[in-house]
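Novice: Next one to model:
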Amino acid sequence: MLDFHVSFGTGRLLAADQGGSHNWTKYLFPEWIRRVKSCVRAAVDADAMYEKFWNTLDKAEQDGKHYRIDPEIATQSLAPDDPTALSELETETMRYMGLPDTKAKTRRLRLAMLASCFFCTLLSLPRYDPVLGQYRVRLAIQSRWPEDDTISQSLHSTLETASFVVGGIAYPYKSPLACLNYVDSLDVSLHITLTLDGKESHPISGFPLTLKQMMYLQLPLSTMPATSPKRGGPCLVSGRLKRRCLEWPVLGEPGKSAWVT
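Specialist: Numbers count the residues shown, from 1 in each chain. Purely as a prediction, here's the structure:
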């Protein structure tokens, strides 16, 4: 599952005259030459190609998944080998990056990149609680680089005021984070997001997922039940997993195994 996708452009020149009614040069060439030129331009125009790709996405894929940073350069056409234009290009790029819409886009991209640093694993097998009428499961949210002190310290300083929201419940940032969660069904999507300052949020890597999908991805197929048990039935996975060893340091000392019962 795609966590996010980012595309960086080299900039778009917003020339004062872009072929409008005052562009007399269009009368110098036959119509078929102008059409060929338009086709060639469309074939190599990165912005046109990305827009075509963007239009193929549904709204769920567009929201928070795909980003394009392509500065708008408010100047006349520049020769690709003109070194004197570098200063102007840098100024125009900084101006574009400082626009409110661009700042908001880069802020969302930053959050998406941070959220993709974390994933969730099962710490226990889902069990049905007949009193609550829900399934109970223990989860662990952790970094992709738990043994890298530099990355861990950087994430901690950046996310000091952040939180993980698991099934609607917010937990102050901690990595690894163990939590208990309740769901009505194994087929209900579980949403786990990273939230900054209680405002913007983004799903962590691979989510949303159902518990059934998590078991399929994380547990050996030989231990999965042949058929789904009825509501209120026994343990969802074979008893051979009741003391399955999970290699996560959340329940035990770092670097050691923890037995899950």
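Novice: which stretches of the stretch 1-150 of the chain form strands?
Specialist: Along the stretch 1-150 of the chain, counting by DSSP state E, counting those that start in this stretch, strands occupy 5-8, 12-13, 66-69, 72-73, 118-122, 127-129, 134-143.
Novice: Would you indicate which residues of the helix ranked longest in the chain are buried?
Specialist: Using DSSP state H, we find that the single longest helix of the chain is helix 100-115. Across helix 100-115, burial judged by 16 or more other CB atoms under 10 Å covers 102, 108, 109, 111, 112, 114, 115. C-beta: built from backbone N, CA, C; applies to glycine.
Novice: sorry, back to before: mean pLDDT for the strands of the stretch 1-150 of the chain: which is lowest?
Specialist: Lowest mean pLDDT of these: strand 12-13, a mean of 78.
Novice: Partner strands of it, with direction?
Specialist: Paired strands of strand 12-13, with direction, are strand 72-73 (parallel) (DSSP bridges).
Novice: Now tell me what touches the strand it pairs with from outside.
Specialist: Strand 72-73 is contacted by residues 11, 12, 13, 14, 89, 92, 93, 96 when judged by CB atoms under 8 Å, 6 or more residues apart in numbering.
Novice: Count the residues that sit near the spatially closest residue to residue 198 that is not a sequence neighbour.
Specialist: Excluding the flanking residues, the one nearest residue 198 by CB to CB, 6 or more residues apart in numbering is residue 163, at 7.2 Å. Number of residues near residue 163 (other CB atoms under 10 Å) recorded here: 20.
Novice: Which phi and psi values does residue 163 adopt?
Specialist: Torsion angles at residue 163 (phi, psi; degrees, to the nearest 10) stand at phi -150, psi 160.
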